[in-house]
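Undergrad: Prediction below, plus the sequence it came from.
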Amino acid sequence: MLVKTYGSAVQGVDAITITVEVNVDQGINFLLVGLPDSAVKESQQRIDSALRCHGYKIPGKKVVINMAPADIRKEGSAYDLTIGVGILAASEQMKSDQISDFVIMGELSLDGGLQSMKGALPIAIQAKKEGFRGIILPKQNAREAAIVEGLEVYGVENIKEVIDFFNGVGELERVTLDIKQEFYKNLTSIEFDFQDVKGQENIKRALEIAAAGGHNVILIGPPGAGKTMLAKRLPTILPPLSLNEALETTKIHSVAGKMDHNASLITMRPFRSPHHTISDVALVGGGGFPQPGEISLAHNGVLFLDELPEFKRTVLEVMRQPMEERRVTISRARFTVDYPAAFMLIASMNPCPCGYYNHPEKECMCAPGVVHRYLNKISGPLLDRIDLHVEVTPVPFSKLSEAALSEKSHEIRERVIKAREIQNVRYAESESIYCNAQMGSKQLREICRIEKEGQDLLKTAMDRLGLSARAYDRILKVSRTIADLEESENIQTHHLAEAIQYRSLDREGWAG
């Protein structure tokens, strides 16, 4: 008897429906075809043990299983339940009249229990798109799949529940979610707050500008000055995720298997902080079986690179194209996948190997020329994509001991949201531009016009400070964001003056 069950394969951040055809005929053999990997081939032993635990078995006949389309590689152990249900139905140990209405996925334990799987959300989205009535999957992933409205989602703990459901002797509990309630539940809850930071008002101001315009930032300062503490609080002043952004972010984390058990929707902007020993593949994504990298996991959020010069140069260089295009393309001989990568970069570094170059109190112990070599670990093209260079100085005792509380994150966020709303109106007709940091040369000429007084200030700054040519565009973009924060229609001279001070690493002679 021939029976078809349905599973799904994840490619990139989307899913493709897989038809599992099971035919039980005269003879003795077990054949599994359709380009399965080792984990899929090993499913026979897991399925056999799981079925025997509940009084069923793989029939002692010729069992042929085809996973179509056969030109797509089937990876992972999540097809165990799909194949197991197909074998039972084809051998008439279970009714098969409703099987074609459901996408069935899950890895089986030897006792018939189900383990969690990756990619539940994109699989559920594809099932809804193709008109399936519902999806049956491990209980741990049910809330994640239940985000998709109009699809019956059933979370199960073992294969016996599935068998009883199709035989009509048991019921499965449908998992439902109020998406709006899930979305708003944790939208404003924050772990860190700028209120906790003593002093550093100039750095907070720089991060507010960065958040308002979507600008990348690098913080330069000695150890213990508060660079990491400030960076961790940047997501708390970014505008809240929209529902579409939350779904997009959840999709990526689902594919990467980074969702917590029984989690549903990611409502907080991601903050990723990889260690400097990370490889280039781990950062941008890829591998033999491509997976999203850290830059994709930081999509719609913040990527924090602490101790930037300690990262391998090759690792940093592979970020250049994704930073511009806001996506990364992984190409293999058989296929190509795209992962979104629209993130804000915040990096931190010491000014020299010992950490105390330009320190107001401690003397730098580095030999002549060492500071230059240390800074040269970061290439010019990468620095070209970082709009704000901010010097962080240690907080004096008088500030640390102050009883007065600083401004709260939600107060700063309100100003950032207002500035972003201005930009939303400004770039409403541009498909690929959402904030000031993403302006191209054409938009820069149209939007960032400055008066003669401002032009003179810029000329003087470039001559006296030795600013590079690449700093010119960055200064204009940042000054446009500062003007938006003040709800000013035009860029004023004092907006330019503030933007100029955020180009530390472009100054000639900064490192001696």
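TA: Perfect, thanks for sending it. Numbering: from 1, shown residues only.

Undergrad: Quick one: low-confidence residue ranges for the stretch 251-400 of the chain.
TA: 398, 400 (pLDDT under 70).

Undergrad: All the strands of it, residue numbers only.
TA: Counting by DSSP state E, counting those that start in this stretch, the stretch 251-400 of the chain has strands at residues 271-272, 285-286, 291-292, 302-305, 327-331, 336-340, 344-349, 388-391.

Undergrad: Against which helices or strands is the last one packed?
TA: Judged by 3 or more Cβ pairs under 8 Å, 6 or more residues apart in numbering; DSSP states H and E, strand 388-391 is in contact with helix 201-213, strand 217-220. Where C-beta positions appear, they are placed from N, C-alpha and C, glycine not excepted.

Undergrad: angle of the first one against strand 344-349?
TA: In this case it means helix 201-213. For helix 201-213 against strand 344-349, the angle by axes from the mean of the first three to the mean of the last three Cα atoms, to 10 degrees is 150 degrees.

Undergrad: contacting residues for A461?
TA: L467, I500 (Cβ atoms under 8 Å, 6 or more residues apart in numbering).

Undergrad: could you dump the helices and strands packed on strand 388-391 to CSV with mean pLDDT and mean neighbour count?
TA: Putting these into CSV (pLDDT from 0 to 100; neighbours: other Cβ atoms under 10 Å) gives the following:
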stretch, mean pLDDT, mean neighbour count
helix 201-213, 93, 23
strand 217-220, 93, 24
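
Undergrad: so which of the ones you listed gets nearest E421?
TA: helix 201-213 (10.5 Å; Cβ to Cβ).

Undergrad: by contact count, what packs against that closest one?
TA: Against helix 201-213 (3+ Cβ pairs under 8 Å, 6+ apart) you get strand 217-220, helix 227-232, strand 344-349, strand 388-391, helix 409-426, helix 470-485.

Undergrad: Columns distance to L247 on top of these, output as JSON lines?
TA: As requested, the helices and strands packed on helix 201-213 are exported to JSON lines (distance: least, Cβ to Cβ, whole Å):
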{"stretch": "strand 217-220", "distance to L247": "27"}
{"stretch": "helix 227-232", "distance to L247": "25"}
{"stretch": "strand 344-349", "distance to L247": "20"}
{"stretch": "strand 388-391", "distance to L247": "30"}
{"stretch": "helix 409-426", "distance to L247": "19"}
{"stretch": "helix 470-485", "distance to L247": "28"}
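
Undergrad: can you list the domains in this protein?
TA: For the chain, automatic domain parsing gives the domain ranges 2-177, 194-419.

Undergrad: separation between the residue nearest to the spatial centre of the chain and K251?
TA: Using Cα atoms, centre = their mean, the residue of the chain that lies closest to the mean C-alpha position is L297, 2.2 Å off. Distance, L297 to K251, using Cβ to Cβ, to the nearest Å: 11 Å.

Undergrad: shared neighbours, these two?
TA: By Cβ under 8 Å, 6+ apart, no residue touches both L297 and K251.

Undergrad: so where is the stretch 401-512 of the chain shaky, pLDDT-wise?
TA: Low-confidence segments of the stretch 401-512 of the chain (pLDDT under 70): 401, 403, 469-470, 506-512.

Undergrad: how many other residues sit next to T176?
TA: Using other Cβ atoms under 10 Å, T176 has 12 neighbouring residues.

Undergrad: give me the element E149 is part of.
TA: Assigned by DSSP states H and E, E149 belongs to no helix or strand.

Undergrad: Tell me, how many residues neighbour E391?
TA: By the criterion of other Cβ under 10 Å, E391 has 18 neighbours.

Undergrad: coming back round to it: go through the helices and strands packed on helix 201-213 and name the closest to C448.
TA: Proximity to C448 (Cβ to Cβ) singles out helix 470-485 among the helices and strands packed on helix 201-213, at 4.1 Å.

Undergrad: Between helix 409-426 and that closest one, find me the angle.
TA: Using the same axes, to 10 degrees: helix 470-485 against helix 409-426 is 110 degrees.

Undergrad: Let me know the next secondary structure element after helix 470-485.
TA: Next along the chain after helix 470-485, taking DSSP H and E as the criterion, comes helix 493-500.

Undergrad: re earlier: got CSV for the helices and strands packed on strand 388-391, with distance to Q291 too?
TA: Shown next, in CSV, are these (distance: least, Cβ to Cβ, whole Å):
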stretch, distance to Q291
helix 201-213, 29
strand 217-220, 28
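
Undergrad: Please identify which of those is closest to D484.
TA: When the helices and strands packed on strand 388-391 are ranked by proximity to D484 (Cβ to Cβ), helix 201-213 comes first, at 6.4 Å.

Undergrad: The closest one vs helix 493-500, what angle?
TA: 100 degrees.

Undergrad: wait, which of the helices and strands packed on strand 388-391 is closest to D456?
TA: Taking Cβ to Cβ, helix 201-213 is the member of the helices and strands packed on strand 388-391 nearest to D456, at 23.1 Å.

Undergrad: Restricting to C-alpha, output the closest one in PDB.
TA: C-alpha atoms of helix 201-213 as PDB (Å, rounded to 0.1, in the frame of the first residue of the first chain):
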ATOM      1  CA  GLU A 201      26.900  62.100  29.300                       C
ATOM      2  CA  ASN A 202      28.800  62.800  26.000                       C
ATOM      3  CA  ILE A 203      28.900  59.000  25.200                       C
ATOM      4  CA  LYS A 204      25.200  58.700  25.900                       C
ATOM      5  CA  ARG A 205      24.600  61.600  23.600                       C
ATOM      6  CA  ALA A 206      26.600  59.900  20.800                       C
ATOM      7  CA  LEU A 207      24.700  56.600  21.300                       C
ATOM      8  CA  GLU A 208      21.400  58.500  21.100                       C
ATOM      9  CA  ILE A 209      22.500  60.000  17.800                       C
ATOM     10  CA  ALA A 210      23.600  56.500  16.600                       C
ATOM     11  CA  ALA A 211      20.200  55.000  17.500                       C
ATOM     12  CA  ALA A 212      18.300  57.900  16.000                       C
ATOM     13  CA  GLY A 213      20.000  57.600  12.600                       C
END
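
Undergrad: So what's the gap between it and the chain middle?
TA: Centre-to-centre, helix 201-213 and its host chain are 22 Å apart (Cα atoms, centre = their mean, to the nearest Å).

Undergrad: Ok, stretch 251-259 next?
TA: Put simply, stretch 251-259 sits 9 Å off its chain's centre (Cα atoms, centre = their mean).

Undergrad: same question, stretch 499-507
TA: The answer for stretch 499-507 is 30 Å, by Cα atoms, centre = their mean.

Undergrad: Just the residues contacting that stretch, thanks.
TA: 206, 209, 218, 220, 375, 383, 387-391, 457-458, 461, 465-468, 470-471, 474-476, 478-479, 482, 510.

Undergrad: which one is the residue nearest to the centre of the chain nearest to, not counting chain neighbours?
TA: Closest residue in space to L297, ignoring its immediate chain neighbours: R272 at 5.3 Å, by Cβ to Cβ, 6 or more residues apart in numbering.

Undergrad: Could you count how many residues lie near the one you found?
TA: 18.

Undergrad: tell me the contacts of it?
TA: E294, L297, A298, G301, V302, L303, F304, F343.

Undergrad: Over to the fourth one: give its phi and psi.
TA: The one in question is G301. As for G301, its main-chain torsions (degrees, to the nearest 10) stand at phi -140, psi -140.

Undergrad: do you know how far it is from K459?
TA: According to Cβ to Cβ, G301 stands 38 Å off from K459.

Undergrad: what about the two, which has more around it?
TA: Of the pair G301 and K459, G301 is the one with more neighbours under other Cβ under 10 Å, namely 22 against 10.

Undergrad: hang on, the more buried one packs against T249?
TA: Yes - here G301 reaches T249: they are 7.3 Å apart, a contact under Cβ atoms under 8 Å.

Undergrad: Common neighbours of those two, please.
TA: In contact with both G301 and T249: P270, using Cβ under 8 Å, 6+ apart.

Undergrad: That's all I had, so thanks and see you.
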